[in-house]
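Chemist: from the sequence below, what's the structure:
(one chain, ligands or ions: 4)
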Amino acid sequence: MMSSVTLRYLVFSSLAIVLMSCAGVERSSITPVFQIVDVNGDGKIVREEFSQDMKKFAFSKFDKDGDKVITEEEWLGVDHDPEATKHFKSIDKNQDKNITFFEFADYADKASNIDKTFTTIDRNGDGNLAPNEFQARPTFKIFSIRF
Ligand SMILES: [Ca+2]
Ligand SMILES: [Ca+2]
Ligand SMILES: [Ca+2]
Ligand SMILES: [Ca+2]
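Modeler: Ligands and ions are numbered 1, 2, ... in the order given. Model prediction:
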């Protein structure tokens, strides 16, 4: 079953494609994913927009049934490390056997590659990602997991 998050991305993507084909040549460097991540549509992606998108995207990969929480079973379906159960417990701060987006985001802020990746792809170092700097989502990494 498709999660609502995935579905929303799909809807946004198709919308972005339609918008792009109307906009013509000058916007041709703007990819559909750029328009998704650039939430306020100002033509640049700031660190906060980038970080939110990466976390939402990663969360949706774990949350297979799209009910907005990651169960231990869902976590273990993605994390095949021998330490996977430990990983799950360290993110599930309140120990209720569910990882909420809030818990996931809090952990990812500290332990994922999001922040470092932003700095790397912001080639001119102005704190914004322009369409030529961001054309596709970079790999997300947490523990030994990457996608
Ligand atoms: Ca923006
Ligand atoms: Ca779930
Ligand atoms: Ca929890
Ligand atoms: Ca930049």
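Chemist: C-alpha only now, for contacts and for neighbours.
Modeler: OK.
Chemist: element containing the most centrally placed residue in the chain?
Modeler: In the chain, the residue lying closest to the centroid (C-alpha atoms, centre = their mean) is residue 54, at 2.0 Å. In this assignment (DSSP states H and E), residue 54 forms part of helix 47-62.
Chemist: dump that helix to CSV, keeping only the CA atoms.
Modeler: In CSV, the C-alpha atoms belonging to helix 47-62 read as follows (Å, rounded to 0.1, in the frame of the first residue of the first chain):
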residue,chain,number,x,y,z
ARG,A,47,18.8,24.5,5.3
GLU,A,48,15.5,24.1,7.1
GLU,A,49,13.6,23.2,3.9
PHE,A,50,16.3,20.7,3.0
SER,A,51,16.5,19.1,6.4
GLN,A,52,12.7,18.8,6.7
ASP,A,53,12.4,17.2,3.3
MET,A,54,15.3,14.7,3.9
LYS,A,55,13.7,13.7,7.2
LYS,A,56,10.2,13.3,5.8
PHE,A,57,11.5,11.3,2.9
ALA,A,58,13.6,9.0,5.1
PHE,A,59,10.7,8.6,7.6
SER,A,60,8.4,7.5,4.8
LYS,A,61,10.9,4.8,3.8
PHE,A,62,10.7,3.3,7.3
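Chemist: parallel or antiparallel, list what pairs with the helix or strand following that helix.
Modeler: Later in the chain than helix 47-62, the nearest helix or strand by DSSP H and E is strand 69-71. When pairing is defined by DSSP bridges, strand 69-71 lines up against strand 98-100 (antiparallel).
Chemist: and ligand 2, is the strand it pairs with touching that?
Modeler: No. For a cut-off given as C-alpha under 5 Å from the ion, strand 98-100 has no contacts with ligand 2; the smallest distance is 8.4 Å.
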